[in-house]
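Q: predicted structure and sequence below. I'll ask about it afterward.
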Amino acid sequence: MNNADIAWMLVSTALVLLMTPALAFFYGGLVRSKNALNTMMMSFVALGPVAVVWALLGYSLAFAPGNAVVGSLNYAGLRGVGLEAQGAIPHLLFMCFQGTFAIITPALISGAVVERMRFNAYLAFITLWVLVVYAPVAHWVWGGGFLASMGALDFAGGAVVHVNAASAALVAALVVGPRKDYGRHAILPHNVPFAMLGAGSALSAGTTAALAFANTLLAPAAGYISPASAIAMGAIGAFPSYFALIYRAKTKLDDSLDVVAAHGLVGGHPGQVLTQMASVVIVLAYSGGMTFVLLKVLSLVMPLRIGDRHEGLGLDVTDHGEEAYTHGDGAILVKPKQSAIAHAAVDVVAVQDGGQL
């Protein structure tokens, strides 16, 4: 093992992990203030259960030796995952690095269902999704599965993270349904600086890492093409994403923070066109199909979305009992219906007693 590579990967793992709280600020700034805390928590919460199920089972399904579709249970519970070498770095560090991608991918999906999906339903969904969808797709591409055998390239998550999350986000937005105000009122971001605040991966500190760094600085590309090609790719890829944003706003699809347009249309690598297109289509179909099944199964045991009244109050209060921002003395009337009923009862008694209490 190489100490320089280990240092590189420790820093890289920390930086990728930092992307999840950064996403929380990005998404949190783009929603209304009454849902800011809930939206940020939908990103932050992935750091808990997703990390645990990744260590217990997800990593094994993705990277343990298996067949062309899924890995084995050889690494379940991190059995056999220690400080032994995995390439130039410890196996345990490689597991953690891959886990950071497993964490942020379901967090990306939340942008399509913010402001109306129940927090407990979302938590159950992402925990299952990582095992049923993310881990197999990661195995197909990065774990020696059939897409890798086809020659599909994915340097830092074009298919495994972005296309995967975009397909799931599209289906989730359709299944959960739009916000009650969508298409009737202007739904504006409450804190653009938060969004600006939030706004590649090589396994060794070598020339490929340098190329990926340069490409990422110039455009959305990674370590397979030259910087000039990365600039061209970024310029061309911006068009479908932009026009998808414009078109989506005119439809009934309430992809609240435009996860599909941002991640589903420009995530795949354009080289090796036929192979890359095939890998993208396969991931889109599997992720979308399994997301639909998971959400429908969950809907049989718990409601997926909140009621209209709670949506009007905001999920910060109704799901978490907290507010991102306080007003006045910080108090909020959490149960106005009960209060109104009590006042009405007093009025009835007053009338029945001839106005004498």
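A: Thanks, I have it. Residues are numbered from 1 along each chain as shown.

Q: residue 260 touches residue 172, doesn't it?
A: No: Residue 260 is beyond contact range of residue 172, at 10.3 Å (criterion: Cβ atoms under 8 Å). (Each C-beta comes from the backbone N, C-alpha and C, glycine too.)

Q: shared neighbours, those two?
A: The overlap between the contact sets of residue 260 and residue 172 (Cβ atoms under 8 Å, 6 or more residues apart in numbering) consists of residue 112.

Q: which of the two has more neighbours?
A: residue 172 (27 against 24; other Cβ atoms under 10 Å).

Q: got the contact list for that one?
A: Going by Cβ under 8 Å, 6+ apart, residue 172 touches 109, 112, 113, 117, 125, 291, 295.

Q: among the residues you listed, which pair sits farthest apart?
A: With distances taken as Cβ to Cβ, the most widely separated pair in the contacts of residue 172 is 117 and 291, at 12.9 Å.

Q: using TSV, lay out the contacts of residue 172 together with distance to residue 145 and secondary structure.
A: Converted to TSV, these look like this (distance: Cβ to Cβ, whole Å; DSSP: H, G, I helix; E, B strand; the rest coil):
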residue	distance to residue 145	secondary structure
109	22	helix
112	27	helix
113	29	coil
117	31	strand
125	24	helix
291	19	helix
295	25	helix
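
Q: just these: which has the poorest pLDDT?
A: pLDDT across these is lowest for residue 112, at 89.

Q: I'd like to know how many residues surround it.
A: When neighbours are counted by other Cβ under 10 Å, residue 112 registers 25.

Q: what residues of the helix or strand residue 14 falls within count as buried?
A: In this structure, residue 14 sits in helix 3-30 according to DSSP states H and E. Neighbour counts over helix 3-30 (16 or more other Cβ atoms under 10 Å) mark 5-6, 8-9, 12-13, 16-17, 19-20, 22-30 as buried.

Q: any weak-confidence spans in the stretch 251-357 of the chain?
A: By pLDDT under 70, the weakly predicted segments of the stretch 251-357 of the chain are 258, 261-273, 327-357.

Q: that one: helices as residue ranges?
A: For the stretch 251-357 of the chain, applying DSSP state H, counting those that start in this stretch gives helices covering 259, 273-301, 308-313, 315-320, 336-352.

Q: counting contacts, what elements does the shortest one pack onto?
A: With contacts defined as 3 or more Cβ pairs under 8 Å, 6 or more residues apart in numbering; DSSP states H and E, helix 259 has these neighbours: helix 164-176.

Q: can you count the residues close to the nearest residue to residue 99 once chain neighbours are set aside?
A: Nearest non-adjacent residue to residue 99, counting by Cβ to Cβ, 6 or more residues apart in numbering: residue 54, 4.6 Å away. By the criterion of other Cβ under 10 Å, residue 54 has 26 neighbours.

Q: can you pull the contacts of residue 54?
A: In this structure, residue 54 makes contact with 98, 99, 102, 103, 130, judged by Cβ under 8 Å, 6+ apart.

Q: any idea how many residues pack against the closest residue to residue 115 other than its chain neighbours?
A: Of all residues not flanking residue 115 in the chain, residue 35 sits nearest, at 4.7 Å (Cβ to Cβ, 6+ apart). Look at residue 35: counted by other Cβ under 10 Å, it has 27 neighbours.

Q: from residue 2, how far out is residue 35?
A: Relative to residue 2, residue 35 is positioned 46 Å away (Cβ to Cβ, to the nearest Å).

Q: and the residue nearest to residue 115, what is it in contact with?
A: Neighbours of residue 35 in contact, by Cβ under 8 Å, 6+ apart: 114, 115, 314, 315, 316.

Q: could you rerun that using 6 Å?
A: By Cβ atoms under 6 Å, 6 or more residues apart in numbering, residue 35 lies in contact with 115, 314, 315.
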